[in-house]
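Novice: structure of the sequence below:
(one chain, ligands or ions: 2)
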Amino acid sequence: MLIKDRATLVNTINKAIASAKIADMHTHLFSKCFGELFLYGIDELLTYHYLIAETFRYIKMPYEDFWALSKKEQAELVWKTLFVENTPVSEVTRSILTIFKRLGLDVNNKDLNYYRSYFESRDLDEYIDQVFKIVGLDYIVMTNDPFDPKEKKVWDSGYVKDERFKAALRIDVLLNTPEQAFSKLREWGYKVSISESRTLSEETLSEIRRFLGEWADRMEALYCAASLPPDFSMEDGSIRARLVNHCVIPVCREKKLPLGLMIGVRRQVNPGLKLAGDALGRADVKAVEYLCARYPDVKFLVTMLSYENQHELIVETRKFRNLMVFGCWWFVNNPSIIENITRMRMEMLGTSFIPQHSDCRVFEQLISKWEHSKAIIAKVLVEKYSELIDVGYELTEEQVTRDVHNFFGGNFRNFI
Ligand code: RAT
Ligand code: ZN
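Specialist: Ligands and ions are numbered 1, 2, ... in the order given. Predicted structure coming up:
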């Protein structure tokens with residue numbers, strides 16, 4: 001069916017978004033079998049690290065005193081500070097209201113216990129289905145770190161496969177703190193060491209490949225990934241670069257796994273804030289170029305944290321078919337920036353990119369993160385399609401539906 005006017009266009013885009021089967025390709029959510037790692041409910045929502053960072057903008061309490069509070073008390077303080085004493089206009093505070101609204105709760109009740117009693121009465125299985133339905137999710141991808149003792153315990157015994165929660169092998173510890181990783185690996189029986197001259201023997205490299213391959217298989221990982229600092233380089237002679245060249249790349253190639261690179265995080269610039277204490281820095285996109293050019297038979301999923309890196313990353317994506325840019329990560333996951341990045345990507349990549357992932361840590365965030373992103377992506381689509389209609393291009397509903405479905409899942413599925 002031909003789309004002739006703006007009202008039909010808007011309607012078609014909204015219908016296509018509503019019928020898309022979303023593949024949320026990067027989250028920090030866990031399936032039910034991971035027990036306490038499955039975070040949900042109002043106290044978890046309020047103690048999300050993005051909100052804690054904002055709370056400290058207003059309160060004078062020393063960091064240690066805050067961390068000494070119980071989770072419930074922390075949530076109460078965040079609630080009072082950001083939702084009672086101040087107006088929740090920031091993106092993460094607004095997100096809480098979106099969640100309330102979609103779950104049918106009163107957004108104006110100031111009594112936290114009103115919300116608590118709602119969340120406490122949820123049946124987890126039904127709740128997962130309900131939220132997946134509200135959002136239109138097909139599946140979400142977890143972030144699975146074999147070096148995390150709580151998580152490893154579940155993989156070692158008690159893991160139950162749930163098709164709605166797929167795995168991604170996360171290797172930050174190996175690439176960013178190799179000494180720490182090596183000592184764990186030795187504990188688990190892998191013969192690895194770093195010599196005094198900081199070289200890695202053939203045996204060490206082969207043992208690390210064995211470790212990565214075993215975990216990729218065990219998790220049935222969709223991809224392997226790491227977050228990296230702004231000074232990430234493949235030409236600095238570092239242990240990290242050698243591990244990428246000689247271990248990560250060969251395993252990704254052999255197992256046909258894309259390598260996900262999330263570049264630009266400066267960890268713990270303020271350790272007092274714990275998980276909320278990370279910042280960002282502008283990175284050098286040349287590391288991505290090096291990898292894509294040197295390993296054309298390996299696929300790379302890349303996102304960058306600094307706003308300043310977005311344009312150059314798009315240019316790199318135009319140069320390499322094995323590169324897929326994805327999402328608006330963390331500090332660029334804000335409406336004004338998502339809009340700008342999405343527009344820039346469409347102008348230079350057409351529809352050949354993955355516009356968004358959620359990065360959720362708490363289950364219900366799926367509702368707000370996707371609702372907010374959908375609205376912005378829809379807005380950019382209306383603008384871009386309108387330009388075609390204005391010159392007399394015959395745009396069909398089928399075309400729009402195809403593009404939208406690719407954006408919200410198809411591009412990821414095809415790429416991997
Ligand atoms: O967005 C976040 O919650 C960050 O703390 C990070 O976990 C980041 O998304 C990452 O994957 O490293
Ligand atoms: Zn993340």
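Novice: those residues of the stretch 51-200 of the chain touching ligand 1, which are they?
Specialist: Thr143 (C-beta under 6 Å from any ligand atom). (Glycine included, C-beta is placed from N, CA and C.)
Novice: tell me the buried residues in the top helix by length along the chain?
Specialist: Determined from DSSP state H, the single longest helix within the chain is helix 365-390. For helix 365-390, burial by neighbour count (16 or more other C-beta atoms under 10 Å) applies to 365-374, 376-382, 384-385, 389.
Novice: and stretch 145-156, by the same measure?
Specialist: Across stretch 145-156, burial judged by 16+ other C-beta under 10 Å covers 145-147, 151, 154-155.
Novice: just those: which are in helices?
Specialist: 151, 154-155.
Novice: now these in a markdown table, with distance to Gly327 and pLDDT?
Specialist: A markdown table is the format used below for those (distance: C-beta to C-beta, whole Å; pLDDT from 0 to 100):
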| residue | distance to Gly327 | pLDDT |
| --- | --- | --- |
| Glu151 | 22 | 98 |
| Val154 | 26 | 98 |
| Trp155 | 26 | 98 |
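Novice: among these, which one lies nearest to ligand 1?
Specialist: Glu151 (14.0 Å; C-beta to the nearest ligand atom).
Novice: I'd assumed Met142 was in contact with that closest one.
Specialist: No. Using C-beta atoms under 8 Å, Glu151 is not in contact with Met142; the gap is 9.2 Å.
Novice: who touches both of the two?
Specialist: Residues touching both Glu151 and Met142 (C-beta atoms under 8 Å, 6 or more residues apart in numbering): Phe30.
Novice: ok, the closest residue to ligand 1 within the stretch 51-200 of the chain to Thr303 distance?
Specialist: Of all residues in the stretch 51-200 of the chain, Thr143 sits closest to ligand 1, at 6.0 Å by C-beta to the nearest ligand atom. Distance from Thr143 to Thr303, counting by C-beta to C-beta, to the nearest Å: 13 Å.
Novice: and the strands in the stretch 251-400 of the chain?
Specialist: 259-263, 265-266, 279-280, 300-304, 323-325 (DSSP state E, counting those that start in this stretch).
Novice: give me the angle between the first one and strand 300-304.
Specialist: For strand 259-263 and strand 300-304, the angle between their directions (axes from the mean of the first three to the mean of the last three C-alpha atoms, to 10 degrees) works out to 10 degrees.
Novice: what packs against strand 259-263?
Specialist: Using 3 or more C-beta pairs under 8 Å, 6 or more residues apart in numbering; DSSP states H and E as the contact test, the elements touching strand 259-263 are strand 224-228, helix 286-294, strand 300-304.
Novice: strands paired with the last one, and their directions?
Specialist: Right, strand 300-304. strand 259-263 (parallel), strand 323-325 (parallel) (DSSP bridges).
Novice: is it possible to get TSV of the ones you listed that adds mean pLDDT and mean neighbour count?
Specialist: Shown next, in TSV, are those (pLDDT from 0 to 100; neighbours: other C-beta atoms under 10 Å):
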stretch	mean pLDDT	mean neighbour count
strand 259-263	98	25
strand 323-325	98	24
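Novice: quick one, which of these gets closest to ligand 1.
Specialist: Of all the strands paired with strand 300-304, strand 259-263 sits nearest to ligand 1, with 5.7 Å by C-beta to the nearest ligand atom.
Novice: hang on, the earlier thing: switch the strands of the stretch 251-400 of the chain over to CSV; also include distance to Val400.
Specialist: As requested, those are exported to CSV (distance: least, C-beta to C-beta, whole Å):
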stretch, distance to Val400
strand 259-263, 29
strand 265-266, 36
strand 279-280, 35
strand 300-304, 25
strand 323-325, 22
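Novice: can I get the ones you listed in TSV with distance to ligand 1?
Specialist: Formatted as TSV, those follow (distance: least, C-beta to the nearest ligand atom, whole Å):
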stretch	distance to ligand 1
strand 259-263	6
strand 265-266	6
strand 279-280	11
strand 300-304	9
strand 323-325	16
